[in-house]
Each structure stands twice: as C-alpha cells, then as structure tokens.
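Chemist: how would this look folded up:
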Amino acid sequence: MFDTILGLPVHPLVVHAPVVLLPLVAVALILLAFRPAWRSRFAMPVLVLLAIGSLGTVAAMLSGNALGERVGIPATHQTYGVSLVISSLVFLVVAGGWLLWTRKSEEPTGAQQGLGWVVALGSVGIIVLTGLVGHSGATAAWSDVVATQTPQPTTSEEAEPGPAASPADSPAATATPTAGTSAQASPTPSQPTGYTMDDVAQHATRESCWAAVDGNVYDLTQWIALHPGGEDRILGLCGTDASAAFRGQHSDQERPNDQLASMVLGPLVG
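Modeler: The predicted structure is shown next:
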C-alpha cells in the first residue's frame, strides 16, 4: 500500500501534503492567536487542514520506509521525519483542542488566550521542523545528482585561440594528482595498475578517504559531505575494506552502486 502506485513510489506523491499544509496551517494558527474575532469563522477549516497535514506525516513516514528498503534510508532525513510525525500529532491534539475550545468564545478567557500563545509558539516550531524535513529530503534525493552533473567551467585559456602549445606546456607534462589521491598511489606507466590494502590504509582521513569494496578501490573523499546518511557513515569506512558495510546497507540497489562506480580508482591487488 505504501510502496508503489501505478509504478511510482508513493513517498514523493504523498509527502507534499504535510510539507505544504503544515506550514500554512501554522501561519493560520498564529494569525488566529492574535485575532480572536476570526476564530468562529476559520477555526474548523484550519482544524480540518491540520488533521490532513498531521496524518499526512504518518503516510509520508510509512511510504518513506518502504522507499528506503529500495534505495537506502538517509539517516538525517529519517530522524527529522520521525520527529515531525510525533510533533505534528501532539500539535494536532493541542491546537485542535484549543480551536474547539475558543471558536465560539467572543471574549476569550485568560486561560484560552494563554494556550493560544502556546499554540502560536508551537506553530513556529512546526514551520522550522517541516523546513528541516523538506531540506534534508531534497538533499538526499538530489545532492549526488547535482554533484555528478555540474558542468566544469571553461578557462579563458581554453576559450581563446592562442599559439600551439609546446610539449613542455601540454597537460600531460603539467598534470597533477586529483583531489583525494596521491601521486605515489596513482597508477603510472611505470607502476602496476592496482592498489593494495596498504595503499588504502594510508587514506583514512576526511581529506583523503579511500575504501575497498568487492575487489576495487574507491575515492570517497568528495562523497563524505554529500552522503544522505550523514558524514559519519563514510568517515567510518575510510582506509578499510568496506565491502560488508556497503552490501549490508545497499545490496544490489542500482543508484548507490552507480554512485559508487563513479568514484572508482582501480582494482584491489595483493
């Protein structure tokens, strides 16, 4: 039920309801807290939308877990998502009770107005938490795509015609190692193609993070800051054979495997 519908994952289809409705309802509740005269007219519509948005977080969480079984679960997004589910359901009880209590009160009591300030403050928290959920979800879905498809800028030297380059000026003569690799470990015509676990172990820092997976060596340095599950998931793999950890989390999932393949350095030897 919460996995796919018409061949599409349910999660991106249902997640928009809470992400859009909760902030709108929160703004409406803040206005009602300051404008008691509006409550008799707008209390019930706001309560209905609040119920739809709050229950929508439950559907989003269940469908997100189903999607996570296919593509992996981003830890940060999951943490914020669970927090929003709990917070929105509690908020539904408190704010909904306040709306029902005050919607026909022409002269709100001190207790009713005090609870209104609490609801207004809670509305601000809901807006912030919903924003964090949406941002972390967008990061998990698109950060790696943007990182791998960003066009490289063209330098002025490449854009403008000039005299033919001499052999000494050619890229082959001036090439330097790419970020996250070392000149000693990179294969050259005079070295065998491949890396040993000793080579991998020398790259166990945030600045240069290599890992071996299923017989190949990968440079994960740039992926540390982009990993949807958080930096610690990658930092713990630096300098190690991460085959078991990677397969245990992602198995044969297409997207994680394609992303890993884009970072390959060469085969593991020895």
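Chemist: Count the residues that sit near Gly97.
Modeler: Other residues within reach of Gly97, judged by other C-beta atoms under 10 Å, total 13. (Each C-beta comes from the backbone N, C-alpha and C, glycine too.)
Chemist: now swap in Gly68 and tell me
Modeler: Residues near Gly68, counting by other C-beta under 10 Å: 15.
Chemist: For it, which residues are in contact?
Modeler: By C-beta atoms under 8 Å, 6 or more residues apart in numbering, the contact list for Gly68 reads Pro74, Gln78.
Chemist: what's the pLDDT at it?
Modeler: On pLDDT, Gly68 comes in at 74.
Chemist: swap in Asn257?
Modeler: 85.
Chemist: List the residues that contact it.
Modeler: By C-beta under 8 Å, 6+ apart, the residues touching Asn257 are His250.
Chemist: how about it, secondary structure?
Modeler: Secondary structure for Asn257, judged by DSSP: H, G, I helix; E, B strand; the rest coil, is helix.
Chemist: Assess the claim that Ala66 and His11 are in contact.
Modeler: Yes: using C-beta atoms under 8 Å, Ala66 is in contact with His11, at 7.2 Å.
Chemist: The two - which one has more neighbours?
Modeler: Neighbours were tallied for Ala66 and for His11 using other C-beta under 10 Å; the higher tally belongs to His11 (22 against 16).
Chemist: what about the closest residue to the more buried one other than its chain neighbours, how many neighbours?
Modeler: Spatial nearest neighbour of His11, excluding adjacent residues (C-beta to C-beta, 6 or more residues apart in numbering): Ser63 at 4.0 Å. Using other C-beta under 10 Å, Ser63 has 22 other residues around it.
Chemist: helix, strand or coil for Ser63?
Modeler: Going by three-state DSSP: Ser63 is helix.
Chemist: I'd like to know which elements the helix or strand that contains Gly131 is packed against.
Modeler: Taking DSSP states H and E as the definition, one finds Gly131 inside helix 110-149. Under the contact criterion of 3 or more C-beta pairs under 8 Å, 6 or more residues apart in numbering; DSSP states H and E, helix 110-149 touches helix 16-34, helix 75-102.
Chemist: Could you tell me the angle between that helix and helix 75-102?
Modeler: Helix 110-149 and helix 75-102 are oriented at 160 degrees to each other (axes from the mean of the first three to the mean of the last three C-alpha atoms, to 10 degrees).
Chemist: What residues sit buried inside helix 110-149?
Modeler: Within helix 110-149, the residues that count as buried by 16 or more other C-beta atoms under 10 Å are 115-116, 119-120, 122-123, 126-127, 129-130, 132-134, 136-137, 139-140, 143-144.
Chemist: Please apply the same query to stretch 216-230.
Modeler: Asn216, Val217, Tyr218, Asp219, Leu220, Thr221, Trp223, Ile224, Leu226, His227, Pro228, Gly229.
Chemist: overlap in contacts of Ala66 and His11?
Modeler: With C-beta under 8 Å, 6+ apart as the test, Ala66 and His11 both reach Phe2.
Chemist: before we move on, back to that, in helices only, show me the buried residues of stretch 216-230.
Modeler: Judged by DSSP state H, helices contain none of the buried residues of stretch 216-230.
Chemist: with these in mind, which one is nearest to Thr196?
Modeler: Val217 (9.0 Å; C-beta to C-beta).
Chemist: The closest one contacts Val264, doesn't it?
Modeler: Yes: with contact defined as C-beta under 8 Å, Val217 reaches Val264; the gap is 7.4 Å.
Chemist: Got the domain ranges for this protein?
Modeler: As given by automatic domain parsing, the domain ranges for the chain are 4-147, 180-267.
Chemist: By mean pLDDT, show me the worst of these.
Modeler: Among these, domain 180-267 carries the lowest mean pLDDT (a mean of 81).
Chemist: mind checking how far that one is from the chain centre?
Modeler: Relative to its parent chain, domain 180-267 has a centroid offset of 21 Å by C-alpha atoms, centre = their mean, to the nearest Å.
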